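Novice: Just to be clear, the model below is a prediction. Sequence and coordinates:
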Amino acid sequence: MSHRKNYKMRRCENGYIFCRSRKIEQTMVVQTERKFILSNPQKCLGCFICEFACSAVKEKSTEPMQSRIRVVNLEPTGSMAIACVLCEDPRCVRSCPQNALGQSDETGVIIVDEAKCNGCGWCIGACRFGAIGLDPKKKKVVVCDLCGGEPECVKYCPFEGALTFGTIDDVAHEYRKEAFKKLLKEIDGEK
Amino acid sequence: MFGYVGKILRINLTDGKVTEDPLDEKTLRKFIGGRGLLCKILFDELKPGIDPLGPENKLALTTGMLTGIPIPGSSRFILAAKSPLTGIWGECPVGGSFSVELKFVGYDVIIVEGKANNPVYLWIHEGKVEVKDASHLWGKLTREVQRAVIKEVKDDRAQVGCIGPGGENLVRFANVLFGFNHFAGRTGLGAVMGSKKLKAIAIRGTRRVKYADEEKLIDLALSELADKGERSRKDGCYYPDLLDVYGSHVDFDDWQDSGRLPTMNFRKCTFPGADKIGREALKAVTIRSNVCPYCTIPCNKVYEMHYPYELDPDYSNFEYENGAALGSLIMNDDLGVLLKANELCNKYAIDVISVGGSIAFAMECYEKKLITRKDTDGLDLSWGNPEAIIQLVEKIARREGIGNILAEGVKRASEKIGKGAEDYAMHIKGMEMPMHEGRGKKGHGLSFAVSNRGACHLQAESDDLFYKIPYPEIGIDKTVQKEPLYTGPEKVKLYKIVGDLFVLYDCLPICRWVVYPLGGRRLGTFASIINAATGWDTTVSELMTVGERTYNIERAFNVREGITRKDDLLPKRLMEDPLPEGPYKGEVLSKDVLDKMLDYWYEQRGWDKQTGIPTREKLEELGLDGAVSQLKEQGLL
């Protein structure tokens, strides 16, 4: 029961909550100092290029299920790409019955021990983002490893600002810039 | 077999029977896919002279080799049938997510035959085909149908193509909406679906296709994706940069400035109200862009406007053709009315170009007093009357009053009205003119006259582009690059090459925005991608032959329906009235000049000069023996 309290506390500490559900134990916390891949739904057009770039570079495959970043395209509402957000005390790691998953202390990426993973998929059910997937060929789970700090999906993304590799504050900064630009435009428009 | 499935799915709506046929690799290599493959199949299966709206007509869908391969512009598929508007070959290349699902649905070609008694829709997924009742969807608007179907099949990753009330009412230029914003626009294939009582087709593709050399394919695809136009900008003309910002409506200002904007039913060529509906005006109301899967060019825009009409962003598909057809062509300079009329066309799923052409025709007849207020149910059809435009679109889609006559297309409408109305009907082979001015770019004018699906702007591009950018590999070099107004044999040769090339683009299929001349990508890239995917050893010249083969079998299809040289014509106005203003003032593509161009054209094509029918030698050279025997049977060879 101790982690429940932890969550509550952290919520106040860094003030950033990603996904909130009715029960407090389902809350996830993103660490402020870690860099990860996040897409901006206002810029993302759902072209699926990040998805292909990932499976192509990582697995030499065109199969989207082998990709570590997946695109949700809800026309006409919008679209967004989702990859691992490196939660703290991740649910996927906690839920793994085989102890095959771990988290790197340094970068926060989820490490899959392929020898232990039996493809049961519990982690997939546990992740609230759908950011971890099962490779249909290897029958092991795959999750974003940030390509060692230079993510290929971000490199191939054709739309500026749609996919960012940075800390949560970098992303928020982009949003703030956008908001400011809009404000400026409105002021200009009024002149 | 690599890169394809090798199966044809056949659904007979009359008895609900579903069958599978094999598709051999030899045929596939001959036609690659898309337009060529469908024309071959429908040429073999459709009897000449059938009623396009009868149960004997067949509706076919197919993707091509490149569909599903993650390169820009590859997400396309082709829909085809005998056209109810023109009575000849009818096909539409369509983009969007539907294509990718279709590629992986487990069949290369889907053919819908017969006619259902009650409205139905198809749900094709995981190798299963379900014919479901659609009585409750009949009469609904396009996006409503799509939402309802997705709810019913319980799969929100399914893609739905559907007709609106336009197709149900058998408007001869009704179209089909696929996904959020992609229309099988021209030639009236929505009416074919309506006649079959087929309201929608829902598919979900989960069966991946195997590729011969996947690693090489991926490397090629990645290098294509990494190219954000750097290579092509060297050519000097890289259109996608503008498409990003304005969408295809960027053309509007170009044609206005160069005095080649179809205005007032082609009587004028510049539009005084162009600023109000030009690219900047549209940009001001743009809220979002859309893009097809794996494409880097967000050419599709979504608009927001609240006054004078509330616009529904669900129906905001809009292109240059829409802007000119519902704008300058009918002298409408009100952006709100333009977008509202466009929205209505999208709701009812009727072809905007043909709607614009029909309204322009009606307005000119009204001006010339061939029709009066009595015929129009009291509507004042003076040029640009906003109320009349909105009402007419509704009337056409519902086939009410004068709309019932216009819904037949301008050719039939003008015959019905008579009294010389034929002179105001701007059509070729029954299809309304697209928004390009053949008088100011003569090669493009020729391509309208000879196009296999009636007046169509997709069979070639404007002369100016080929003049600027060479492509010696396929023969577009100094020897054929002449200025836009030149009409000699070299120009015809150029347009023969371009004709084959553009037909090939629909066989591959690839979007015209990303390839030569507008987007810069060349055929060599596609040849190596096809080789990596299929294990073949195809070359650029083999691909060009595929284009020529397709062009010829389409012509054979049309010849069987009675098309000859006499039909390869432009509307009288383009051949007789010179352009009244602008830089190209006085230009006209006269009958004599066109006749001379046609002589060269048939010579280049290896067709009979007198009749315009492909010769036996040419068809045999291209391996179209089936076409030879068919045409012989009918005494046409």
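Specialist: Received it, and whenever you're ready, just let me know what you need.

Novice: Contacts for stretch B:627-634, please.
Specialist: B:43, B:48, B:552-553, B:556, B:559-560, B:613-614, B:616, B:619-620, B:637 (C-beta atoms under 8 Å, 6 or more residues apart in numbering or on different chains). In this view, the C-beta of every residue, glycine as well, is placed from N, C-alpha and C.

Novice: Wondering if the lowest-mean-pLDDT helix or strand in chain B reaches chain A at all.
Specialist: Least confident helix or strand of chain B, by mean pLDDT, DSSP states H and E, is helix B:230-233 with a mean of 71. No. Residues of helix B:230-233 are not located near chain A by C-beta under 8 Å from any C-beta of the partner chain, the shortest gap being 12.8 Å.

Novice: Chain A: helices as residue ranges?
Specialist: For chain A, the helices defined by DSSP state H cover A:2-14, A:49-59, A:91-95, A:122-126, A:152-156, A:168-190.

Novice: Between these, which one is closest to B:V540.
Specialist: helix A:49-59 (25.5 Å; C-beta to C-beta).

Novice: is any part of that closest one close to chain B?
Specialist: Yes. Helix A:49-59 is in contact with chain B by C-beta under 8 Å from any C-beta, via A:I49, A:F52, A:A53, A:A56, A:V57.

Novice: still on that earlier bit, now the helices of chain A as JSON lines including distance to B:V337, mean neighbour count and mean pLDDT?
Specialist: What follows is the helices of chain A, written out as JSON lines (distance: least, C-beta to C-beta, whole Å; neighbours: other C-beta atoms under 10 Å in any protein chain shown; pLDDT from 0 to 100):
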{"stretch": "helix A:2-14", "distance to B:V337": "52", "mean neighbour count": "12", "mean pLDDT": "40"}
{"stretch": "helix A:49-59", "distance to B:V337": "37", "mean neighbour count": "24", "mean pLDDT": "92"}
{"stretch": "helix A:91-95", "distance to B:V337": "54", "mean neighbour count": "17", "mean pLDDT": "89"}
{"stretch": "helix A:122-126", "distance to B:V337": "51", "mean neighbour count": "18", "mean pLDDT": "90"}
{"stretch": "helix A:152-156", "distance to B:V337": "42", "mean neighbour count": "20", "mean pLDDT": "92"}
{"stretch": "helix A:168-190", "distance to B:V337": "24", "mean neighbour count": "11", "mean pLDDT": "83"}
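
Novice: B:V112: which of these is closest?
Specialist: helix A:49-59 (31.2 Å).

Novice: which residues are contacting the closest one?
Specialist: Residues contacting helix A:49-59 (C-beta under 8 Å, 6+ apart): A:39, A:61-64, A:66-71, A:81, A:135, A:137, A:142, A:147, A:152-158, A:163, B:70, B:218, B:221-222, B:225, B:294, B:296.

Novice: export it as PDB, just CAs?
Specialist: Provided in PDB are the C-alpha atoms of helix A:49-59 (Å, rounded to 0.1, in the frame of the first residue of the first chain):
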ATOM      1  CA  ILE A  49       5.900   7.500 -41.300                       C
ATOM      2  CA  CYS A  50       7.300   7.300 -37.700                       C
ATOM      3  CA  GLU A  51       5.700   3.900 -37.300                       C
ATOM      4  CA  PHE A  52       7.300   2.600 -40.500                       C
ATOM      5  CA  ALA A  53      10.700   4.200 -39.700                       C
ATOM      6  CA  CYS A  54      10.800   2.400 -36.400                       C
ATOM      7  CA  SER A  55      10.000  -1.100 -37.600                       C
ATOM      8  CA  ALA A  56      12.200  -0.500 -40.600                       C
ATOM      9  CA  VAL A  57      15.300   0.600 -38.700                       C
ATOM     10  CA  LYS A  58      14.800  -1.700 -35.700                       C
ATOM     11  CA  GLU A  59      13.600  -4.900 -37.300                       C
END
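
Novice: Check the offset of the host helix or strand of B:L339 from the chain's centre.
Specialist: Here B:L339, judged by DSSP states H and E, is contained in helix B:335-348. Distance of helix B:335-348 from the chain centroid (C-alpha atoms, centre = their mean, to the nearest Å) equals 20 Å.

Novice: now swap in stretch B:303-321 and tell me
Specialist: Worked out by C-alpha atoms, centre = their mean, stretch B:303-321 lies 22 Å from the chain centre.

Novice: start to end distance for that stretch?
Specialist: Using C-alpha to C-alpha, to the nearest Å, one end of stretch B:303-321 lies 16 Å from the other.

Novice: near chain A at all, it?
Specialist: Yes. Using C-beta under 8 Å from any C-beta, stretch B:303-321 reaches chain A at B:P313, B:D314.

Novice: Give me the contacts around that stretch.
Specialist: With C-beta under 8 Å, 6+ apart, stretch B:303-321 has contacts from A:76, B:142-143, B:180-183, B:247-252, B:282, B:285-288, B:300-302, B:334-337, B:339-340, B:342-343, B:346-347, B:352-353, B:434-435, B:457.

Novice: Buried ones among the residues you listed?
Specialist: A:76, B:142-143, B:180-183, B:247-252, B:282, B:285-286, B:288, B:300-302, B:334-337, B:339-340, B:342-343, B:346-347, B:352-353, B:434-435, B:457 (16 or more other C-beta atoms under 10 Å in any protein chain shown).

Novice: count of neighbours near B:L494?
Specialist: 25 (other C-beta atoms under 10 Å in any protein chain shown).

Novice: from what I can see it touches B:T479, true?
Specialist: No. Applying C-beta atoms under 8 Å, one finds B:L494 not in contact with B:T479, separated by 9.1 Å.

Novice: Touching, A:A81 and A:S39? I think so.
Specialist: Yes. A:A81 lies in contact with A:S39 (C-beta under 8 Å); the separation is 4.1 Å.

Novice: Can you check which residues contact both of the two?
Specialist: A:C50, A:A162, A:L163.

Novice: Would you mind giving these as JSON lines with distance to B:E415 added?
Specialist: Formatted as JSON lines, those follow (distance: C-beta to C-beta, whole Å):
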{"residue": "A:C50", "distance to B:E415": "55"}
{"residue": "A:A162", "distance to B:E415": "53"}
{"residue": "A:L163", "distance to B:E415": "57"}
